[in-house]
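Q: Give me coordinates for this.
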Amino acid sequence: MASSPILSLASSTASSALPCRRRFLHNLKANPKLATSNQMTFLGNDHINSKSFFRTSMSVAVENSKFTDITMAPPDPILGVSEAFRADTNEMKLNLGVGAYRTEDLQPYVLNVVKKAETLMLEWAENKEYLPIEGLAAFNKATAELLFGTENPVILQQRVATVQGLSGTGSLRLAAALIERYFPSSKVLISSPTWGNHKNIFNDARVPWSEYRYYDPKTVGLDFDGMISDIKAAPEGSFVLLHGCAHNPTGIDPTPEQWEIIADVIQEKNHIPFFDVAYQGFASGSLDKDASSVRMFAARGLELLIAQSYSKNLGLYAERIGAINVVCSSSDVAHRVKSQLKRLARPMYSNPPIHGARIVANIVGNSDLFSEWKEEMASMAGRIKSVRKKLYDSLSAKDNSGKDWSFILKQIGMFSFTGLNKAQSDNMTNKWHVYMTKDGRISLAGLSSANCEYLADAIIDSYHNVS
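A: Predicted structure coming up:
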């Protein structure tokens with residue numbers, strides 16, 4: 001590696017000073033009167049600490065960094081919540097920011113079925129060789145069948161191009177790269193609001209996006225008319241990003257009848273539906289029910305994209321396991337689309353990790369483990385439904401203003417959109433030590449039954465006493 005000119009100069013200058021120092025010391029011994037105060041100062045500084053010049057030069061080199069113009073990035077609005085939570089010493093503090101499941105004791109949970117799958121993997125002593133670019137074949141088969149159903153025509157006709165991705169985020173990013181390369185004049189429509197990382201993903205992929213109305217603050221419900229109007233007004237052939245179930249951050253989903261109307265409009269406008277499915281089975285407790293919107297669009301013969309994640313429904317947060325699926329008009333088109341997804345993935349990350357893929361494939365491929373997973377998943381979803389109901393009951397009992405809190409029961413999944421604004425959310429944190437995102441979203445997965453009344457007090461105070 002080439003040496004830095006600044007460091008080289010510092011080193012050579014410090015070295016060249018040594019003969020001068022020796023001559024000065026020799027003359028000083030012969031005639032002490034030669035020593036002036038300035039000379040002694042120079043001698044003392046330089047003689048006592050011969051490395052000072054080198055250190056000073058190092059400091060100058062650092063101050064003149066090539067990266068000086070890089071500014072400090074803002075903290076992540078979601079992950080930053082956890083950092084603030086950890087720094088808080090109040091015993092009543094609650095972390096309702098990050099969407100990660102917790103037990104009733106508010107501890108992280110590793111599913112028993114995951115432990116069993118990993119035990120089998122150790123017994124089988126499988127190797128750690130590179131996966132193909134598209135990922136583990138057994139996982140890709142399992143995840144597509146889980147999404148569409150084993151007897152779905154799109155599966156039987158091999159019209160789905162499936163590539164293993166780095167959880168939901170990586171799968172969305174790979175799809176964004178496909179859009180940028182092969183649909184350069186198209187833009188993506190995303191709901192307002194949406195998961196915070198959606199905009200980052202499309203911005204990073206240089207894919208233009210705009211928003212369609214989704215949340216109605218007056219009703220704390222779905223602005224369905226606004227949603228339909230904006231999808232109709234979008235340029236023909238746009239990609240419409242939809243949350244397959246348990247909309248993040250609102251927890252507000254369209255009804256089955258509304259999904260049919262959404263599909264009608266997308267079909268009329270020749271749009272391309274793009275589903276983000278992060279909570280299949282985790283929202284309602286049923287894998288089939290939570291995939292019903294995706295299956296309805298596929299049954300209409302539409303071509304569509306679907307990103308999947310196993311962070312929530314299997315608790316595989318750190319394994320980064322997911323997939324991107326593209327439903328095509330024929331198996332030939334699907335084959336070509338898959339080849340281009342692989343081409344895009346190669347310079348991004350070469351190939352995906354194997355551990356999480358094997359866990360999913362082994363669970364879905366084993367009837368006993370699959371049944372156990374569905375039971376555990378229903379149990380997790382049931383706990384969230386239980387604290388949702390208790391929070392509603394606590395709010396209704398404690399709030400004497402007559403406000404209707406029933407919107408909390410109409411929402412689904414691990415999140416609840418409280419309707420609190422930024423100032424009210426700040427009060428939740430600053431006064432009540434309840435950590436949440438500034439848009440008013442709380443993660444019910446981080447709430448226990450024992451804390452529901454405390455949270456209700458915090459919400460009522462923030463809603464009524466902070467504007």
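
Q: quick one: the helices in the stretch 101-250 of the chain?
A: 112-124, 137-148, 153-156, 167-182, 196-204, 224-233 (DSSP state H, counting those that start in this stretch).

Q: can you list those in CSV and add mean neighbour count, distance to Asn90 and mean pLDDT?
A: The way it works is simple: take the backbone N, C-alpha and C, and place the C-beta from them, glycine included. Listed next are these as CSV, based on neighbours: other CB atoms under 10 Å; distance: least, CB to CB, whole Å; pLDDT from 0 to 100:
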stretch, mean neighbour count, distance to Asn90, mean pLDDT
helix 112-124, 15, 33, 96
helix 137-148, 21, 42, 98
helix 153-156, 16, 52, 98
helix 167-182, 23, 32, 98
helix 196-204, 17, 26, 96
helix 224-233, 16, 40, 98
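
Q: Name the stretch from those that approaches Asn362 most closely.
A: Asn362 sits nearest to helix 112-124 of all the helices of the stretch 101-250 of the chain, at 4.6 Å, using CB to CB.

Q: contacting residues for the closest residue to Gly413 other than its chain neighbours?
A: Excluding its sequence neighbours, the residue lying closest to Gly413 (CB to CB, 6 or more residues apart in numbering) is Ala246, at 2.7 Å. Residues counted as contacts of Ala246 (CB atoms under 8 Å, 6 or more residues apart in numbering) are Asp253, Ala278, Tyr279, Phe282, Ala283, Asp290, Ile412, Gly413, Met414, Phe415.

Q: any idea how far Asn140 is from the last one?
A: Taking CB to CB, to the nearest Å as the measure, Phe415 falls 29 Å from Asn140.

Q: Also the second one?
A: Separation of Ala278 from Asn140 (CB to CB): 18 Å.

Q: Same question for the first one.
A: In this structure, Asp253 lies at 27 Å from Asn140, with CB to CB as the measure.

Q: got it, and the third one?
A: Tyr279 sits 20 Å away from Asn140, taking CB to CB as the criterion.

Q: Please apply the same query to Met414.
A: Separation of Met414 from Asn140 (CB to CB): 27 Å.

Q: and if you look at Asp461?
A: Separation of Asp461 from Asn140 (CB to CB): 50 Å.

Q: cool, and Gly99?
A: Distance from Gly99 to Asn140, by CB to CB: 25 Å.

Q: Kindly report the same for Ala458.
A: Ala458 is 45 Å from Asn140, by CB to CB.

Q: Also Leu241?
A: Leu241 is 23 Å from Asn140, by CB to CB.

Q: Over to Lys218?
A: 44 Å.

Q: in this protein, which segments are predicted with low confidence?
A: 1-63 (pLDDT under 70).

Q: quick one, strands of it?
A: 94-95, 160-166, 188-192, 209-213, 215-216, 221-222, 239-243, 272-277, 304-309, 321-327, 415-417, 434-435, 441-443 (DSSP state E).

Q: returning to what we had before: of all the helices of the stretch 101-250 of the chain, which one comes closest to Gly80?
A: Smallest distance to Gly80 across these (CB to CB): 11.1 Å, for helix 196-204.

Q: Not counting the closest one itself, show me its contacts.
A: 77-78, 169, 172-173, 176, 188, 190, 208-209, 241, 276, 437.

Q: at 6 Å what do you get?
A: Pro77, Leu172, Arg173, Ala176, Val188, Ile190, Trp209 (CB atoms under 6 Å, 6 or more residues apart in numbering).

Q: Also stretch 161-178?
A: 134-135, 139-140, 144, 201-202, 205, 207, 278, 305, 307, 309, 311, 320-326, 334, 337-338, 341, 344-345, 352, 357.

Q: Could you check how many residues crowd around Asn421?
A: Look at Asn421: counted by other CB atoms under 10 Å, it has 17 neighbours.

Q: again, but for Gly301
A: By the measure other CB under 10 Å, the count of residues near Gly301 is 12.

Q: Provide the backbone phi and psi angles at it.
A: Backbone torsions of Gly301, given as degrees, to the nearest 10, read phi 80, psi 10.

Q: ok, so what distance separates it from Ser329?
A: Here the criterion is CB to CB. By it, Gly301 lies 8 Å from Ser329.

Q: Please apply the same query to Ser449.
A: Ser449 is 50 Å from Ser329, by CB to CB.

Q: same thing with Lys199?
A: Taking CB to CB, one finds Lys199 at 30 Å from Ser329.

Q: Equivalent analysis for Ala299, please.
A: For Ala299, the distance to Ser329 - CB to CB - is 14 Å.

Q: The nearest residue to Leu409 once chain neighbours are set aside: what's it in contact with?
A: Spatially, and ignoring its direct neighbours in sequence, Leu409 is nearest to Tyr392 (5.3 Å; CB to CB, 6+ apart). Tyr392 is in contact with Trp405, Ile408, Leu409, counting by CB under 6 Å, 6+ apart.

Q: Could you do Phe417 as well?
A: Contacts of Phe417 (CB under 6 Å, 6+ apart): Pro249, Thr250, Gly251, Gly440, Arg441.
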